[in-house]
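Visitor: Just need the structure, nothing else, for what follows:
(one chain, ligands or ions: 1)
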Amino acid sequence: MKSNEARLSREQAKELLLRLDSTLGEARGRAARESAVKLLNSSVPSYSWVGAYVVEGKDLVLDAWAGPAATEHVRIPIGKGVCGFAAKSGKTEIVSDVGKDPRYLQCFLSTRSEIVVPISSQGTVVGEIDIDGDQLDAFSSLDREFLEAVARKLSTLWA
Ligand code: SME
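Guide: Numbers count the residues shown, from 1 in each chain. From the prediction side, this is the model:
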């Protein structure tokens, strides 16, 4: 992503949450996650790569993604990487500079920052949204708030 690519605004976050409802329609499960990652990647220029992982036993398994290239990290043990850390803690992780975070597992050379938002159902992490940004510090508390709302929505459509 180029340094001038736009980040999420509060107005856009509101609009996207409404659009998510209409885009998802009757979709459930993987189809819902596919639609959501596509909408996020195509609507917010700073969301360079967007993936949804699901918990399968002791691993996170890549379920749906949208972006310029596939990742080799299609299965991540819970506890490993930023993704695995967030799945273990159940808390959103914002990494403003992936080069300074020893937990970071590299997917793309262009990635400079990352946000990982767990998706929980009845207090248990069932999956997560993982977004890579090509700018340093691409994610703010607004992205966190917005993506946590998206995660709650996806949790209601999990199966
Ligand atoms: N960077 C992640 C791995 C997944 S890729 O970004 C798609 C991590 O550190 O867990």
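Visitor: does any part of stretch 39-54 sit near the ligand?
Guide: Yes. Contact of stretch 39-54 with the ligand (CB under 6 Å from any ligand atom) involves residue 51. Every C-beta, even on glycine, is put in place using the N, C-alpha and C of the backbone.
Visitor: Return the distance of that stretch from the chain's centre.
Guide: 7 Å (CA atoms, centre = their mean, to the nearest Å).
Visitor: again, but for stretch 111-126
Guide: 7 Å.
Visitor: How far does it stretch from one end to the other?
Guide: 25 Å (CA to CA, to the nearest Å).
Visitor: Same question for stretch 89-105.
Guide: 17 Å.
Visitor: touching the ligand at all, that stretch?
Guide: Yes. Stretch 89-105 comes into contact with the ligand (CB under 6 Å from any ligand atom), by way of 104, 105.
Visitor: and for that stretch, what are the contacting residues?
Guide: Contact partners of stretch 89-105, identified using CB atoms under 8 Å, 6 or more residues apart in numbering, comprise 73, 76, 80-83, 85-86, 106, 111-118, 120, 125, 136-137, 139, 143-144, 147-148.
Visitor: Separate out the buried members of those.
Guide: 73, 76, 80-83, 85-86, 111-118, 120, 125, 139, 143, 147-148 (16 or more other CB atoms under 10 Å).
Visitor: Which members of those residues occur in strands, if any?
Guide: 76, 113, 114, 115, 116, 117, 118, 120, 125 (DSSP state E).
Visitor: what subset of those residues is also close to the ligand?
Guide: Answer for those near the ligand (CB under 6 Å from any ligand atom): 76, 114.
Visitor: Max pairwise distance over the ones in strands among the buried ones among the contacts of stretch 89-105: which two?
Guide: 113 and 120 (23.3 Å; CB to CB).
Visitor: Tell me, how many residues neighbour residue 56?
Guide: Look at residue 56: counted by other CB atoms under 10 Å, it has 12 neighbours.
Visitor: Check the residue of the chain found nearest the ligand and give its pLDDT.
Guide: When scored by CB to the nearest ligand atom, the chain has residue 81 as its residue closest to the ligand, at 2.5 Å. Per-residue pLDDT puts residue 81 at 98.
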